[in-house]
Every structure is written in structure tokens, then in C-alpha cells.
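Enquirer: Sequence and predicted structure below; questions after.
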Amino acid sequence: MAGPDVTLIPWLNIIILALLGGGLFLLWRMWEQFKERMIDPTVDGLNNKLDEIDARRLRAQQERRGFWARLTGRR
């Protein structure tokens, strides 16, 4: 029989929690890798495209101002 000095170590619980923690770590790393390979390049490409559109808009505004300045004689 077990006496009052018996130390019980819940090995099954330790193993289950370790496997659960390892699985969560694996899922987190997989998500990070997916984000680096798929989402970040798409967002960067979108930002570059928006920058190009903004630059074209600014050039068009400057050309329009130049056109009206030539018509009205203002500089």
C-alpha cells in the first residue's frame, strides 16, 4: 500500500501537454512561414502598385497645372 510519503508524477499529463505545446508551436511556425511566402509578397506588390498610381496622379496634376498656367499666362 502507498504511504503518505509517496510522490506521484503525472507522466501522462506531462506527455499530453508537451505534445499539445509542440503541436501549437508547429502550427505557429507553419503560419509564419505561410505569411512570409504568400501574404507579405502580395501586400508588398500591392503597395508598390499603389505607389505607382499615386506617382502617376501627381504627374497628371502637375501637367494639368502647367497646361492651365500656359493658357492663363500665370507661372
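Expert: Thanks, I have the structure now. The model shown is predicted, which means the values in this text are computed figures rather than measured ones.
Enquirer: If you count neighbours, what's buried in stretch 27-39?
Expert: By 16 or more other Cβ atoms under 10 Å, stretch 27-39 has no buried positions at all. Yep, even glycine has a C-beta here, placed from its N, CA and C like the rest.
Enquirer: From the chain's centroid, how far away is it?
Expert: How far stretch 27-39 lies from its chain's middle: 9 Å, per Cα atoms, centre = their mean, to the nearest Å.
Enquirer: Next: stretch 4-11.
Expert: Centre to centre, stretch against its chain (Cα atoms, centre = their mean), the figure for stretch 4-11 is 46 Å.
Enquirer: Give me the distance between the two termini of that stretch.
Expert: Stretch 4-11 stretches 20 Å from its first residue to its last (Cα to Cα, to the nearest Å).
Enquirer: where does the protein have low pLDDT?
Expert: Low-confidence segments of the chain (pLDDT under 70): 1-2, 74-75.
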